[in-house]
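>>> output the structure for:
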Amino acid sequence: MESYKPNDFWETSHSTVASSGVDRGIGVRHVGGGQSNLEAEALYRLRRLNVPPTPKIFELGSGGGYWVNFFRRLEPKLFVGSDLSKTAVQRLSELYPDYEFVTMTPPEEAWSRIQGRGPYDLTLAIDVLYHVTDDKIWEYSLNQLCTNTAVPGLLLIADYFYEQPVDQPSKIHIKHRKMQSYLDVLDKHDFKVEAIQPIFYFLNRIVDGPWRDHSKLMSPILRFLTARSIGLEFLRSLDAVLTAYSRPMNPRSKTRFLLARRTADG
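The predicted model follows:
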């Protein structure tokens, strides 16, 4: 199996796409932001994010800039974004000259720079941490997110909260973890979970192979619908309704937003 080199992987994902084709993440391979309309709707249901006016915001893994654009509506007095890809950081710096963007290499230097601008009222890691396949780096990154969140600031994470074996070379950039693994780290930093919002019910689940988590009847139907723009829009709307009223911990809704507030300095 091909080895996963995160810096090279994400730089290639961004640099091989022309600036005109990025469109806040759409068109950049492996970047989930461009598919996040449903996620944006779910985000609004997370109590509209009870943060101070003109907050200080830090985002880990800004990618094509979908969430940078989304959180502009909060009119932050400081927005610090980041990415492993120098190309992504350069493009975002040009698009948002009033914001600051950090290349996350070397990591110690990058985190030192981020910490120097904090702490932050809102820290974000949306569709990012499951791409950190090294457990030590994952734990270090989550600890840094917690440390750089102010009291009583918010930490917002979107992830696939389950353990799923993956054996395809095309998925070497992904590692799923249980929600408890995240909660164990958050507990050390005195975070209290305020909300858990499922994002997908039909979309973004496995429809083929031994790890399929839809029925044999549903899988071909989903393949048919997701191959067509009208089918995708139908499923997106259906997911928005189902996840708004289903139990947040419904095991079928494995992709979730986790919103936690820091109650004290750990």
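
>>> could you say which helix or strand holds residue 150?
strand 149-160 (DSSP states H and E).

>>> state the mean pLDDT of that strand.
Taken as a whole, strand 149-160 has a mean pLDDT of 94.

>>> what is it packed up against?
The contact analysis (3 or more C-beta pairs under 8 Å, 6 or more residues apart in numbering; DSSP states H and E) places strand 149-160 against strand 120-126, helix 179-188, strand 191-198, strand 255-262. Where you see a C-beta, it was placed from the backbone N, CA and C, and this is true even at glycine.

>>> centre of the chain to the first one, how far?
Looking back up the chat, that one is strand 120-126. 10 Å (C-alpha atoms, centre = their mean, to the nearest Å).

>>> helices or strands up against it?
Packed next to strand 120-126, using 3+ C-beta pairs under 8 Å, 6+ apart, are strand 56-59, helix 135-147, strand 149-160.

>>> now swap in the third one and tell me
The criterion is 3+ C-beta pairs under 8 Å, 6+ apart, and the helices and strands that strand 191-198 contacts are helix 37-45, strand 149-160, strand 255-262.

>>> and that strand, which strands flank it?
strand 255-262 (antiparallel) (DSSP bridges).

>>> the strand it pairs with vs strand 149-160, what angle?
170 degrees (axes from the mean of the first three to the mean of the last three C-alpha atoms, to 10 degrees).

>>> return strand 255-262 as CSV; C-alpha atoms alone will do.
Extracted C-alpha coordinates of strand 255-262, given in CSV (Å, rounded to 0.1, in the frame of the first residue of the first chain):
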residue,chain,number,x,y,z
THR,A,255,-21.1,12.0,10.8
ARG,A,256,-21.8,14.6,13.4
PHE,A,257,-21.0,18.1,14.6
LEU,A,258,-19.7,18.1,18.2
LEU,A,259,-20.0,21.4,20.0
ALA,A,260,-18.2,21.8,23.4
ARG,A,261,-17.6,24.8,25.7
ARG,A,262,-14.5,25.2,27.8
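
>>> quick one, domains of this protein?
6-201+248-262, 204-245 (automatic domain parsing).

>>> how about those in TSV, adding mean neighbour count?
Shown next, in TSV, are these (neighbours: other C-beta atoms under 10 Å):
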stretch	mean neighbour count
domain 6-201+248-262	18
domain 204-245	13
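
>>> those domains: lowest mean pLDDT?
domain 204-245 (a mean of 79).

>>> for it, how far is the first residue from the last?
Terminal residues of domain 204-245 are spaced 18 Å apart (C-alpha to C-alpha, to the nearest Å).

>>> hey, which helix is longest across this structure?
helix 229-245 (DSSP state H).

>>> neighbouring contacts of it?
37-38, 41-42, 45, 197-203, 222, 224-226, 253 (C-beta atoms under 8 Å, 6 or more residues apart in numbering).

>>> and that helix with strand 191-198, angle?
Using the same axes, to 10 degrees: helix 229-245 against strand 191-198 is 140 degrees.

>>> and helix 229-245, how far out from the chain's middle?
20 Å.

>>> try stretch 175-182
With C-alpha atoms, centre = their mean, you get 14 Å for stretch 175-182.

>>> tell me the contacts of the nearest residue to residue 86 once chain neighbours are set aside?
Excluding its sequence neighbours, the residue lying closest to residue 86 (C-beta to C-beta, 6 or more residues apart in numbering) is residue 103, at 5.4 Å. Counting by C-beta under 8 Å, 6+ apart, residue 103 makes contact with 82, 83, 84, 85, 86, 89, 110.

>>> what pairs with the strand holding residue 150, and is each one parallel or antiparallel?
Here, using DSSP bridges, strand 149-160 pairs with strand 120-126 (parallel), strand 255-262 (antiparallel).
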